[in-house]
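> sequence? don't have it. structure:
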């Protein structure tokens, strides 16, 4: 029995599986010990569930008008009250949150792919770097909200154009982060060894450099998600984003601005959901950075 145990523990496959389990266990312990990432995860999970199950948790559609209940305060019939058209505010806020989360997630996914490609190829090919980074510098020279407004003015207000505009606005920052991380990896000795062995550029970029840029990329994407939620709400508030009567937290706030002193609930509830969305994403991003960046952990210790 002892001999069998010794053989099992010295078996390379057993050691590899054991190390993998230990690594996963350590990651879980670090995850649940980090208050920022846990709090952010809980907030994001709650908002995601609200968005997914919106039809199940709302009694009214966001378009139903009950003229006799115009500007009704919060009650058992209307949890968040009603707006100036008699529409149930709880339904509109829930569906507006769904729109914001959908826009943010889609923009984050698009910028992750395009930004990663631009950043990786800019870091690897110096000639291409000068061209792509100058384009990124030109886009980053404008404030994000002003560039988004200009793009929406040219494209027109609808959800597809909002996603396209926000993707253009946020891609340069993601590309910059990936490029910086990729340049550091590119200068490592093992990359030179791969080149000397005849490895193709595609293999070096995607199998060896790209995986080593994931940590800063993931953190940046959480930031992009939060920024996209804010800018989408701002565009809708200004009338350049999601067009009425489609529910958006931004255009709900705009409707509430007109009656802010008589119907406080029309600004408080959509504003609170915007704050919760961005707060959850920022807490999750900060906590994730602490988990993935060993240098940050060393400084804190």
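Sure, I can see it. Computed from a predicted model, the values in this text were never measured in an experiment. Residues are numbered from 1 along each chain as shown.
> give me the phi and psi for residue 82.
phi -130, psi 160 (degrees, to the nearest 10).
> ok, now the one 5 residues further on?
Note on residue 87: its backbone torsions stand at phi -90, psi 140 [degrees, to the nearest 10].
> likewise for residue 88?
Dihedral angles (degrees, to the nearest 10) for residue 88: phi -70, psi 120.
> cool, and residue 70?
In terms of degrees, to the nearest 10, the main-chain angles of residue 70 are phi -60, psi 130.
> residue 86 is in contact with that one, correct?
Yes. Contact criterion CB atoms under 8 Å: residue 70 and residue 86 qualify, at 4.5 Å. For the C-beta atoms, the positions are set from N, CA and C on the backbone; glycine is no exception.
> what's around the residue lying closest to residue 243 once chain neighbours are set aside, how many residues?
Spatially, and ignoring its direct neighbours in sequence, residue 243 is nearest to residue 157 (4.7 Å; CB to CB, 6 or more residues apart in numbering). Neighbourhood size, residue 157 [other CB atoms under 10 Å]: 19.
> looks to me like residue 157 is in a strand.
No. Remark: residue 157 does not belong to a strand; assigned using DSSP: H, G, I helix; E, B strand; the rest coil, it is coil.
> any idea which helix or strand carries the residue nearest in space to the middle of the chain?
Nearest to the geometric centre of the chain sits residue 225, at 2.3 Å (CA atoms, centre = their mean). Taking DSSP states H and E as the criterion, residue 225 maps to helix 214-237.
> ok now that helix, how far from the chain's centre?
5 Å (CA atoms, centre = their mean, to the nearest Å).
> before we move on, what about stretch 194-208?
Here stretch 194-208 is found 31 Å from its chain centre; the criterion is CA atoms, centre = their mean.
> repeat that for stretch 231-243.
18 Å.
> do the same with stretch 109-120
Distance, centroid of stretch 109-120 to centroid of chain: 14 Å (CA atoms, centre = their mean).
> which residues are in contact with it?
132, 136, 163, 167, 170-182, 205-206, 209-210, 213, 217, 221, 224 (CB atoms under 8 Å, 6 or more residues apart in numbering).
> these, buried ones only, as a ChimeraX selection?
Only the buried entries of the contacts of stretch 109-120 go into this ChimeraX selection, using 16 or more other CB atoms under 10 Å:
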select :132,136,163,167,170,171,172,173,174,175,176,177,178,179,181,182,205,209,210,213,217,221,224
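> looking at the contacts of stretch 109-120, which are in helices?
132, 136, 163, 167, 170-182, 217, 221, 224 (DSSP state H).
> if I look at residue 119, how far off is residue 127?
Applying CB to CB, to the nearest Å, the value for residue 119 to residue 127 is 16 Å.
> if you could redo that for residue 147, that was the one I meant.
Residue 147 is 27 Å from residue 127, by CB to CB.
> now swap in residue 258 and tell me
55 Å.
> neighbour count: the two, which is higher?
Neighbour totals were compared for residue 258 and residue 127, and residue 258 leads with 12 against 8 (other CB under 10 Å).
> can you pull the contacts of the more buried one?
residue 84.
> find the nearest non-adjacent residue to residue 194, please.
residue 204 (5.4 Å).
> if I pick the one you found, what's in contact with it?
124, 191, 194-195.
> quick check: PyMOL command selecting the buried ones in the residues you listed.
Typed into PyMOL, the line below selects the buried ones among these, using 16+ other CB under 10 Å:
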select buried, resi 124+191+194
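> out of the contacts of residue 204, what pair is the most spread apart?
124 and 194 (12.1 Å; CB to CB).
> coming back round to it: mind putting the contacts of residue 204 into JSON lines with secondary structure?
Compiled in JSON lines, these are given as follows (three-state DSSP):
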{"residue": "124", "secondary structure": "helix"}
{"residue": "191", "secondary structure": "helix"}
{"residue": "194", "secondary structure": "helix"}
{"residue": "195", "secondary structure": "helix"}
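> which single one of the contacts of residue 204 is nearest to residue 96?
Nearest member of the contacts of residue 204 to residue 96, counting by CB to CB, is residue 124, at 42.1 Å.
> where's the nearest residue to the closest one once chain neighbours are set aside relative to residue 216, distance?
Take residue 124 and drop its neighbours on the chain: the residue closest to it by CB to CB, 6+ apart is residue 205, 5.6 Å away. Per CB to CB, residue 205 is found 16 Å from residue 216.
> unless I'm mixing things up, residue 167 is touching residue 107, no?
Yes. Between residue 167 and residue 107 there is a contact under CB under 8 Å: 5.3 Å.
> now do the same contact list for residue 133.
Taking CB under 8 Å, 6+ apart as the definition, contacts of residue 133 comprise 122, 175-176, 179.
> residue 41 now?
Residue 41 neighbours (CB under 8 Å, 6+ apart): 280, 284.
> alright, that wraps it up for me.
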